[in-house]
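A.B. asks: Generate a structure from the sequence data that follows.
(one chain, ligands or ions: 1)
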Amino acid sequence: MIKIKFFGAAGTVTGSMHLVRLPELSFLVDAGYFQGIFSELNAEPLEELRKVPFLFLTHAHLDHIGRLPILVKSGFRGTVITHRATWEIGRYILEDAFHLMEEDERLYDLEDLRRTFSLPVKFVRCGEEYSIGPLKFRVRDAGHILGSAFYEYEYRGKRFTFSGDLGNTGKPIVRDPQMPSKTDVVVVESTYGDRVHRPFEESVEELKEAVFSTLPNGKALVPAFALERAQELLYIFKGWEDSGEWPEDWRVVLDSPLATKILTEFLKFPECYDEEAYARFLRENPFRLKNLLITRTKEESKQLNHVRKGYVIVAGSGMLNGGRAIHHLKHMVEDPRNALIFVGYQAKGTLGREIVDGEEKVWILDRFYDVNIRVYTINGFSSHADRRELLNWIDSADPDTVILVHGEDEAREALKEGILERKRRNVLTPTLYDELEV
Ligand SMILES: [Zn+2]
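C.D. replies: Numbering: from 1, shown residues only. Prediction:
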């Protein structure tokens, strides 16, 4: 008998953390941080998890690793099982998150963070099989971001699989998600359970159109998440340079200290690349355009205000709710020769969302500004599998029981219907702190 208790990402709430209890051992899958309107939940006690001996991490996004220092503060001293890329990128993500928090919202201190990265760690690789006593597990490539994994477990003849976040097929750098083996129970994300993405290549074409029509007379700002999206953009721009399309006097600027640190990690793990990225890597650095400028200081970032045209600036934050991107925007937003190109989701309540929704005047740092900049919203760059991909993935696992997590209620319900239309299965949609026996 397997018991699974949901400490996060059960339904609308973010912050994946699932406790698995077997008769002979227990373990956690992820330790994600609650974000946005749910952030108060991060303060809820985790003492119950203090003695859990193992934690499997699927990937380095904050909503999958962000509560780890809080867990450590509560006394957790278990062994972390993860891909090395997740652990190394995770350290940058957690340090960055810590420094972005206001002092009164910090639930742990630097000592807890240091202790987190002194935990015992077992690094695992995609495609390999391992065991802990009677528990066997296989690590598979989730194709979501660099180092992302899903786990297939087997315990005394019973098989169960945790998807983590699954990637979108056809996107650059990382491989497409692997299809799972036959299992009895699957715990699967449902973020885009109600949507089908446009093909990735179409979005790349839209990006090209936006950049190439702007740079002859103006600048383009691309707000981007520091993990994966920023590196993807450099990889795409470099591809245009390699094919001779990128004019020699145009420059790409990476203006994000976090994205720059993570970029060095990308070069350390070419084994996570898809075939095309790997072939490019063997020839040269696939992110390093000839005219790439990586800013080191705030001063260098400010210098960009004097540039009038021929620059595309990739900067954080991805939703314009902080970071260097808003400083650039302030200087660019009233000039219609410039472009603001969104390549990621814009959550409600962010400046990015206000602009996407068509506000004509927006408050940026010190005053209201007119939005004269040309705005492009490109939707196909998702790093999550869409409805069709999720359904195919679940079909491949062919489980008796499907447990849907990590999606808003509408997406989960829509995916549930889709699953049941295809085959009769037991589909469960737990809420926070539910415990299921499967
Ligand atoms: Zn993720």
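A.B. asks: Could I get the full set of strands for the stretch 301-438 of the chain?
C.D. replies: 311-315, 339-342, 361-364, 367-370, 374-377, 401-405, 426-428, 435-437 (DSSP state E, counting those that start in this stretch).
A.B. asks: Which neighbouring elements make contact with the fourth one?
C.D. replies: By that I understand strand 367-370. The elements that strand 367-370 packs onto, with contact taken as 3 or more Cβ pairs under 8 Å, 6 or more residues apart in numbering; DSSP states H and E, are strand 361-364. Placement of C-beta: from N, CA and C, glycine included.
A.B. asks: Give me the distance from the strand it packs on to the chain's centre.
C.D. replies: Distance of strand 361-364 from the chain centroid (Cα atoms, centre = their mean, to the nearest Å) equals 28 Å.
A.B. asks: Equivalent analysis for stretch 429-438, please.
C.D. replies: That offset, for stretch 429-438, works out to 24 Å (Cα atoms, centre = their mean).
A.B. asks: what does it contact?
C.D. replies: For stretch 429-438, the surrounding residues in contact (Cβ atoms under 8 Å, 6 or more residues apart in numbering) are 1-8, 10-11, 13, 41, 160, 184-185, 401, 403-405, 412-413, 416, 428.
A.B. asks: What values do phi and psi take at the residue nearest to the spatial centre of the chain?
C.D. replies: Geometric centre of the chain, nearest residue: residue 61, 4.8 Å, by Cα atoms, centre = their mean. Main-chain dihedrals, residue 61, degrees, to the nearest 10: phi -70, psi 150.
A.B. asks: Next one: it from the ion, what distance?
C.D. replies: Noted for residue 61: a distance of 4 Å to the ion, by Cβ to the ion, to the nearest Å.
A.B. asks: if we can go back for a sec, between the strands of the stretch 301-438 of the chain, which one is closest to residue 121.
C.D. replies: The closest of the strands of the stretch 301-438 of the chain to residue 121 is strand 401-405. By Cβ to Cβ, the value is 24.8 Å.
A.B. asks: Give the pairing partners of the closest one; include direction for each.
C.D. replies: strand 185-189 (parallel), strand 426-428 (parallel) (DSSP bridges).
A.B. asks: Just give the number of residues close to residue 196.
C.D. replies: Using other Cβ atoms under 10 Å, residue 196 is surrounded by 9 other residues.
A.B. asks: Around the ion, pick out the residues from this protein.
C.D. replies: Counting by Cβ under 5 Å from the ion, the residues of the chain close to the ion are 61, 165.
A.B. asks: 8 Å - rerun?
C.D. replies: Selection of the chain residues close to the ion by Cβ under 8 Å from the ion yields 58-59, 61, 63-64, 144-145, 148, 164-165, 383-384.
A.B. asks: Sitting in helices, which of those do you find?
C.D. replies: 63-64 (DSSP state H).
A.B. asks: State the pLDDT value of residue 15.
C.D. replies: You'll see residue 15 listed with a pLDDT of 90.
A.B. asks: Touching the top helix by length along the chain from outside, list them.
C.D. replies: In the chain, assigned by DSSP H, the helix with the most residues is helix 84-100. Applying Cβ under 8 Å, 6+ apart, the contact partners of helix 84-100 are 33, 57-62, 65-66, 68-69, 80, 82, 106, 108, 110, 113, 116-117, 121, 123, 146-149, 226-227, 258, 261-262, 265, 268-269, 272, 322.
A.B. asks: Show me what the mean pLDDT comes to for the following helix or strand past that helix.
C.D. replies: Of the helices and strands lying after helix 84-100 in sequence (DSSP states H and E), the nearest is helix 110-116. The average pLDDT for helix 110-116 rounds to 97.
A.B. asks: In this structure, where is pLDDT below threshold?
C.D. replies: 11-13 (pLDDT under 70).
A.B. asks: mind listing what the spatially closest residue to residue 360 that is not a sequence neighbour touches?
C.D. replies: Counting by Cβ to Cβ, 6 or more residues apart in numbering, residue 360 lies nearest to residue 371, which is 5.6 Å off, once chain neighbours are set aside. Residues near residue 371 by Cβ under 8 Å, 6+ apart: 333, 355, 359-362.
A.B. asks: If we use 6 Å, what do you get?
C.D. replies: Residue 371 is in contact with 333, 360, 362, counting by Cβ atoms under 6 Å, 6 or more residues apart in numbering.
A.B. asks: In the stretch 51-200 of the chain, mark out all the strands, start to finish.
C.D. replies: Counting by DSSP E, counting those that start in this stretch, the stretch 51-200 of the chain has strands at residues 54-56, 79-82, 121-123, 129-132, 135-141, 149-155, 158-162, 185-189.
A.B. asks: I'd like the residues of the chain next to the ion as JSON lines, with distance to residue 313 appended.
C.D. replies: Compiled in JSON lines, those are given as follows (distance: Cβ to Cβ, whole Å):
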{"residue": "58", "distance to residue 313": "32"}
{"residue": "59", "distance to residue 313": "27"}
{"residue": "61", "distance to residue 313": "24"}
{"residue": "63", "distance to residue 313": "27"}
{"residue": "64", "distance to residue 313": "29"}
{"residue": "144", "distance to residue 313": "26"}
{"residue": "145", "distance to residue 313": "22"}
{"residue": "148", "distance to residue 313": "27"}
{"residue": "164", "distance to residue 313": "32"}
{"residue": "165", "distance to residue 313": "28"}
{"residue": "383", "distance to residue 313": "21"}
{"residue": "384", "distance to residue 313": "26"}
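A.B. asks: Among the residues of the chain next to the ion, which one lies nearest to residue 342?
C.D. replies: Using Cβ to Cβ, the residues of the chain next to the ion come closest to residue 342 at residue 383, 14.8 Å.
A.B. asks: Over to the closest one: give its phi and psi.
C.D. replies: phi -100, psi 10.
A.B. asks: what's across from residue 377 in the sheet?
C.D. replies: As for beta bridges, residue 377 partners with residue 342 under DSSP bridges.
A.B. asks: since we're on it, how many residues are nearby?
C.D. replies: For residue 377, using other Cβ under 10 Å, the count is 16.
A.B. asks: now do residue 212
C.D. replies: Look at residue 212: counted by other Cβ under 10 Å, it has 15 neighbours.
A.B. asks: Checking my notes, it in a helix, right?
C.D. replies: Yes - under DSSP: H, G, I helix; E, B strand; the rest coil, residue 212 falls within a helix.
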